[in-house]
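Visitor: Any chance you can model this:
(one chain, ligands or ions: 2)
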Amino acid sequence: TLAITVKKSDFSEWYQQVIRKAELIEYYDVSGCYILRPWAYFIWEQIQRFFDDLIRTEEVENTYFPMFLSAKHLNKEKEHVEGFKAEVAWVTKYGESDLNEPLAIRPTSETIMYPAFAKWVQSHRDLPLKVNQWTNIVRWEFKFPTPFIRTREFLWQEGHTAHSTREEAVKQVYTILDFYEQVYGELLAVPVIKGIKTESEKFAGGDFTTTVETIIPQNGRGLQGATSHHLGQNFSKMFEINFEDDKKQKAFAWQTSWGLTTRSIGAMIMFHGDDKGLVLPPRIAKYQIVIIPIIHKDLDEQQLNERCEQIRLVLVKQKLRVHLDSRDNYSPGWKFNKWEQKGVPIRLEIGPGEFKNSEVRVVQRFDNKKYQIKMEELNQLNQILDDIHNAMLEKARTELNQRIKQADNWKEFMSQLNQRNTILTRWCERQECEKEVKTKSGIESKEKDSEIDGQVQLTGSAKTLCMPLKQDQVKEGELCFNCGQQAKKYVLWGRSY
Ligand SMILES: O=C1CCCN[C@@H]1CCCn1cnc2cc(F)c(Cl)cc2c1=O
Ligand SMILES: [Mg+2]
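Guide: Ligands and ions are numbered 1, 2, ... in the order given. Predicted coordinates:
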């Protein structure tokens, strides 16, 4: 059927219907793999354009590295690959013949890139080295797949830099983290919390991991939006990426790596969608405006179409992405419904009244506001779209903040968790304490692990999402909410994707 048959509150069924009825996703017969249709791929292109403009200001250069790597290469960083081996996909044959050694498909590109870095970096004059690539990635996840959020093949960018000093590398980590916050806020109208991962949740191969986390309002689950790691000298020692510093001393480079994936599109869909379907933030909408002629017996059809085409050209000149839907095999009502499902930010209706008064009827998708504007006021639409973006971001920020609660003890913590909130607590920073909270919260969670086909998809236990960069100073005598020892930091806990 055309209509979405559930409300957003029936969240996972709503999500499955929206991604199909908004024509974002088509299913494919390899489990965990999905087709990105033009309506979705356009969003990824906008993200690429926006992020490329940002990293260009940091003199990051786009490259392309091979997708295959040998077992030898992959096992170069044995210890941290250990935990990931189960999800590596391998090519073992070509035609009828066996490869004499199997090749892994990139699950990430450190071991592909860093041997080349070692060749390119000899002197401190070769630093800083800053490369990025836009590719697909394959990780044979065994958890139940969700389009955009968790798929076996996804698109991402991965940036990798090498610096001569720790300070410069650390600065780079935070500059990129700010760029990620801008991708979410300025492009996707999704608010995020910048923070640092705990030792247990960080990238094991690195020194520390920073992250932008968001919280899906419907289920209060944390979702990692993107990540920016300081790798220290761990990889440069492993791959001999060293250089002669200005005192003729051999020194190991200081490195960063950072990634953002098509999961960002899933976060945007979940945040902004409503019972009628997708709601697109204007800056990533393939069509920002759709024009619908309303044919009427008192109105000459030819003249109506000429007026609509005239309006379309005016808006094209204003650099707006506008589509005139003059199909004569669908009714206006059908078109309203379809373009609402696809989340087009503004619909312009032109019927006999508008025609006579040289007006258009504006219908805003995000808040369903309706009003008339004169033809000569069409130039207001650029600002109106900007205002819609800002209003969507503010509404989303309010919803996110409503999902963050404080707790000073276990009882309060579990009460908030079972109300599907995330919880900011003082914490001792001890890993075993963190592990205990994970275990206990899983046992006491009202929301049991949700399983599909016997595969745990979303667990009921809480984990740390991040230690927010913006946080109060913990004072002497202020204790960890769980173990009662002296607290050191505030940390945000939550169920997560
Ligand atoms: O998160 C990023 C940003 C972009 C570049 N990479 C880092 C670290 C990636 C961690 N990670 C994540 N997943 C992995 C999966 C695997 F199968 C293997 Cl072999 C390794 C990894 C792995 O190292
Ligand atoms: Mg993983």
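
Visitor: quick one: contacts of stretch 236-255?
Guide: Stretch 236-255 has contacts (CB atoms under 8 Å, 6 or more residues apart in numbering) with 76-77, 114-115, 117-118, 121-124, 126-127, 129, 160-166, 168-169, 230-235. Using the backbone N, CA and C atoms, a C-beta is placed for each residue, glycine as well.

Visitor: Kindly provide the distance from residue 339 to ligand 1.
Guide: Using CB to the nearest ligand atom, to the nearest Å, residue 339 is found at 37 Å from ligand 1.

Visitor: repeat for residue 269
Guide: Distance of residue 269 to ligand 1, given as CB to the nearest ligand atom: 22 Å.

Visitor: Check which helices and strands the helix or strand that that residue is a member of sits against.
Guide: For residue 269, the element it lies in under DSSP states H and E is helix 263-272. Applying 3 or more CB pairs under 8 Å, 6 or more residues apart in numbering; DSSP states H and E, we find helix 263-272 packed against helix 11-21, helix 38-56, strand 208-216, strand 221-232, helix 381-402.

Visitor: closest to residue 295 out of those?
Guide: Checking the helices and strands packed on helix 263-272 against residue 295 by CB to CB gives helix 381-402 as the closest, at 23.5 Å.

Visitor: Enumerate the positions of the closest one that are buried.
Guide: For helix 381-402, the neighbour count (16 or more other CB atoms under 10 Å) marks 381, 384-385, 388-389, 392-393, 395-396, 400 as buried.

Visitor: Isn't residue 363 up against residue 370?
Guide: Yes - using CB atoms under 8 Å, residue 363 makes contact with residue 370 at a distance of 5.0 Å.

Visitor: Between these two, which has more neighbouring residues?
Guide: The neighbour comparison of residue 363 against residue 370 (other CB atoms under 10 Å) goes to residue 363, with 19 against 11.

Visitor: The more buried one belongs to a strand?
Guide: Yes - applying DSSP: H, G, I helix; E, B strand; the rest coil, one finds residue 363 inside a strand.

Visitor: Which residues of the stretch 101-250 of the chain lie near ligand 1?
Guide: Residues of the stretch 101-250 of the chain found near ligand 1 (CB under 6 Å from any ligand atom) are 107-108, 139, 158, 203, 205, 227, 229.

Visitor: tell me, what's touching residue 363 and residue 370 both at once?
Guide: With contacts defined as CB under 8 Å, 6+ apart, no residue is shared by residue 363 and residue 370.

Visitor: Could you list the low-confidence segments of the stretch 101-250 of the chain?
Guide: By pLDDT under 70, the stretch 101-250 of the chain contains no weakly predicted segment.

Visitor: List the buried residues for stretch 238-252?
Guide: 238-239, 241-243, 251-252.

Visitor: Please read the previous query as pertaining to stretch 202-209.
Guide: For stretch 202-209, the neighbour count (16+ other CB under 10 Å) marks 202-209 as buried.

Visitor: helix/strand/coil for the residue of the chain most remote from its centre?
Guide: Distance from the C-alpha centroid of the chain, by CA atoms, centre = their mean, peaks at residue 298 (49.1 Å). Recorded secondary structure, residue 298: coil (three-state DSSP).

Visitor: OK, contacts around it?
Guide: Here residue 298 is in contact with residue 352 (CB under 8 Å, 6+ apart).

Visitor: Which pLDDT value does the model give it?
Guide: Residue 298 carries a pLDDT value of 91.

Visitor: Equivalent analysis for residue 1, please.
Guide: For residue 1, the pLDDT comes out at 68.

Visitor: which residues of this structure fall in helices?
Guide: 11-21, 38-56, 71-74, 78-82, 110-120, 166-182, 234-239, 263-272, 301-317, 332-341, 352-356, 381-402, 410-417, 431-444 (DSSP state H).

Visitor: For ligand 1, what's the nearest residue on the stretch 351-497 of the chain?
Guide: residue 466 (14.4 Å; CB to the nearest ligand atom).

Visitor: Tell me what that residue is bridged to.
Guide: Beta bridges link residue 466 to residue 492, judged by DSSP bridges.

Visitor: Residue 496 is nearest to which of the helices and strands packed on helix 263-272?
Guide: Nearest of the helices and strands packed on helix 263-272 (CB to CB): strand 221-232, 4.1 Å.

Visitor: How far does the closest one sit from its chain's centre?
Guide: A distance of 11 Å separates the centroid of the chain from that of strand 221-232, by CA atoms, centre = their mean, to the nearest Å.

Visitor: Could you give me the buried positions within that strand?
Guide: Applying 16+ other CB under 10 Å to strand 221-232 flags 221-232 as buried.
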